[in-house]
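Asker: Structure for the following, please:
(one chain, ligands or ions: 3)
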Amino acid sequence: MVDNSNVKVMLIDDDSFMLKLLTRLLETLGFKSISPHARCRAALDVLATSAAAPDLILLDLNMPDMDGIEFVRHLVDSRYAGSLVLVSGEDERTLQAAGRLVQAHKIELLGHLQKPVSPEALAGLLTTWTRPASSGARAAKDAYVADALRTAIGNGEFINYYQPKVAVASGRVVGVETLVRWQHPVDGLVLPDQFVGIAEATGLIEDLTRVVLHDALEQSRAWRNAGLTLRVAINVSMDNLTSLSFADFVANSTAESGVPPFSIVLEVTESRLLTDLRVPLEVLTRLRLKRFRLSIDDFGTGHSSLAQLRDMPFDELKIDRGFVHGAHGHRTLRAIFESNLNLARQLDMEVVAEGVEDREDWDFLQRARCDLAQGYFIARPMPAAELVGWIESWETRLREESLVRS
Ligand code: C2E
Ligand code: MG
Ligand code: MG
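Answerer: Numbering: from 1, shown residues only. Ligands and ions are numbered 1, 2, ... in the order given. Sure thing, here's the model as predicted:
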C-alpha cells in the first residue's frame with residue numbers, strides 16, 4: 001500500500017457527522033495528517049497562515065458561509081498546488097460544471113463524491129492518486145525550465161510554425177499566424193503552453209519574442225521575394241508591452257527587413273490582469289501610428305475584454321475558439337459569437353474566428369459572414385517550407401468541396 005502517513009489532507013464540510021465519517025475513512029486508508037473544518041473562512045485562514053499547504057482538499061460544494069466555487073477562486077488566488085475532491089449531494093450536471101471550472105483553473109481534480117460517501121468510492125479515488133509536486137517543488141521546476149529556456153534561446157532551439165488565416169467569402173489565404181515551438185533536444189517538439197507562461201514570469205519573454213519576430217520577418221521577406229504577399233501575425237504578450245522600448249524594437253526590426261508594417265499583425269493576449277495600462281497603451285498607440293495592425297486575441301476569455309477594446313486601438317478581433325467550434329448547434333455560443341461579430345463590425349474591426357474544426361463550423365461562418373477563419377479544418381500550424389504546397393492543395397479543396405459560393 002502507498003504510504004499516506006505524511007500526506008496533508010484538509011476536509012471542509014459544514015456537517016460535523018460528515019467530517020467525522022470522512023476522517024475515519026481517511027484514517028483507515030493510512031492518512032494521519034487530517035485537518036477538518038466546518039467553515040470555508042476558517043479553512044482559508046489556515047491556508048493563508050500555515051507554512052505547509054495541504055496536498056489534498058476534500059470540499060463540500062454547499063457551504064453556508066461561502067459556496068464551493070467561491071472557495072475554489074480563493075484557492076487559485078493562493079496558488080494552491082495540491083489536488084481537490086468535490087463532495088456534494090448536488091445533481092450530476094452541477095457537479096460536472098463545478099468540475100470543469102476547477103480544471104479550467106488548472107487545479108488537479110481527482111473526481112467527485114456523491115453524498116452519502118461510501119468507503120469504496122473514497123478508496124477508489126485515492127488509490128490511484130499520487131501527491132502532486134508541492135508548490136516548492138513546482139517553483140524549483142519552473143526555475144529549472146527557465147534556465148533551460150535561456151540556454152535554448154541562445155542555442156536557437158525555437159522554430160516558428162505558421163497557421164493560415166483565410167477569407168471566409170472567397171477562401172483566399174490572407175495571412176498566417178506565427179506560433180512558436182521549442183525543438184527540445186530530448187523532449188521533441190514542445191508547444192507554447194509549456195513554456196510561454198514561464199517565459200513571461202521570468203522575464204525571458206522579451207528575448208523569446210525577439211527571436212520569434214526576427215524569424216517571422218525573415219520568413220515574410222522570403223515569401224514576398226517568391227511573390228507571396230501575406231500578412232504575418234505574431235503573438236505578443238502583455239508583458240512585452242510593459243517595456244517602452246518594445247515599439248522601437250518592432251519598428252526598427254521591421255524597417256530593416258524591408259517588410260511593410262501594415263502587413264505585420266501583433267496579436268495581443270492578456271492572460272493576467274495588468275493594473276497599470278499606461279505603458280502598454282503608449283506602446284500600442286505608437287505601433288498603430290507606425291501602421292502596424294493590432295489584434296485582440298482570444299476575445300471573450302480571461303482579461304481580453306470590452307475594457308481593452310475601449311482603451312486600445314485594435315484593427316482585428318479574434319473570437320476565441322471556445323465560442324466558435326460547435327456554435328452552429330449551441331444557442332448560447334451562437335449568441336455570444338454573433339454579438340462579438342456585431343460589436344467588431346460597429347467598431348470597424350476585422351473579425352477572425354479561431355478554432356474552425358469542421359465543415360459545420362465553416363458553413364456557419366459563411367452564413368454569419370465572418371471575415372476570416374483559422375483552424376484545423378483549414379490547416380494545422382506547419383513549418384514555413386510546407387506553406388506553398390499547402391496553398392495549392394487548399395485551392396483544390398475549395399473547388400472540389402465547394403467551400404465558397406462561386
Ligand atoms: P493563440 O494565439 O490563440 O493561437 C491559437 C492556438 O490554437 C494555437 O495553439 C493553435 O495551434 C491552436 N489551434 C489552431 N486551430 C485550432 C483548432 O481548430 N482547434 C483547436 N483546438 N486549436 C487550434 P499553440 O500553437 O499551442 O499556441 C498556444 C498559445 O500560445 C497561442 O494561442 C498564443 O497565445 C501562445 N503563443 C504561441 N506562440 C507565441 C509567441 O511567439 N509568443 C507569445 N507570447 N505567445 C505565443
Ligand atoms: Mg494568437
Ligand atoms: Mg487565440
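
Asker: Around Val85, count how many other residues there are.
Answerer: By the measure other Cβ atoms under 10 Å, the count of residues near Val85 is 22. Where you see a C-beta, it was placed from the backbone N, CA and C, and this is true even at glycine.

Asker: Let me fix that, I meant to ask about Thr178.
Answerer: Per other Cβ under 10 Å, the neighbour tally for Thr178 reads 23.

Asker: same deal with Glu270?
Answerer: By the measure other Cβ under 10 Å, the count of residues near Glu270 is 23.

Asker: and it, how far is that from Asp3?
Answerer: For Glu270, the distance to Asp3 (Cβ to Cβ, to the nearest Å) stands at 44 Å.

Asker: what ranges do the strands span in the stretch 201-350 of the chain?
Answerer: Assignment of strands within the stretch 201-350 of the chain using DSSP state E, counting those that start in this stretch yields the ranges 231-237, 264-269, 293-299, 316-319, 350-353.

Asker: do you know which of those lies nearest ligand 3?
Answerer: Across the strands of the stretch 201-350 of the chain, ligand 3 has its closest neighbour in strand 293-299 (4.2 Å, Cβ to the ion).

Asker: Which strands border the closest one, and is each parallel or antiparallel?
Answerer: Applying DSSP bridges, strand 293-299 is found paired with strand 264-269 (parallel), strand 316-319 (parallel).

Asker: Please work out the average pLDDT along that strand.
Answerer: Taken as a whole, strand 293-299 has an average pLDDT of 94.

Asker: related to what we said a few turns ago, most tightly packed of the strands paired with strand 293-299?
Answerer: When you average the neighbours per residue for each of the strands paired with strand 293-299 (mean count of other Cβ atoms under 10 Å), strand 316-319 leads with a mean of 26.

Asker: Give me the contact list for that strand.
Answerer: Strand 316-319 is touched from outside by 265, 267, 293-300, 309, 337, 340-341, 343-344, 347, 349-354, 374, with contacts defined as Cβ atoms under 8 Å, 6 or more residues apart in numbering.

Asker: near ligand 2, anything from it?
Answerer: No - Strand 316-319 lies out of reach of ligand 2 by Cβ under 5 Å from the ion, never closer than 6.5 Å.

Asker: cool, and stretch 367-379?
Answerer: No - with Cβ under 5 Å from the ion as the criterion, ligand 2 is not reached by stretch 367-379; the gap is at least 8.8 Å.

Asker: which stretch of helix or strand covers Leu59?
Answerer: For Leu59, the host element (DSSP states H and E) is strand 56-60.

Asker: So which elements touch that strand?
Answerer: Helices and strands touching strand 56-60, as assessed by 3 or more Cβ pairs under 8 Å, 6 or more residues apart in numbering; DSSP states H and E, comprise strand 8-12, helix 68-77, strand 83-88.

Asker: What would the last one look like as CSV? C-alpha coordinates only.
Answerer: If I follow you right, that is strand 83-88. Presented in CSV, the C-alpha positions along strand 83-88 are these (Å, rounded to 0.1, in the frame of the first residue of the first chain):
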residue,chain,number,x,y,z
SER,A,83,-5.4,18.1,-5.6
LEU,A,84,-9.1,18.5,-5.0
VAL,A,85,-12.1,16.2,-4.5
LEU,A,86,-15.6,17.7,-4.7
VAL,A,87,-18.1,16.3,-2.3
SER,A,88,-21.8,17.1,-2.8
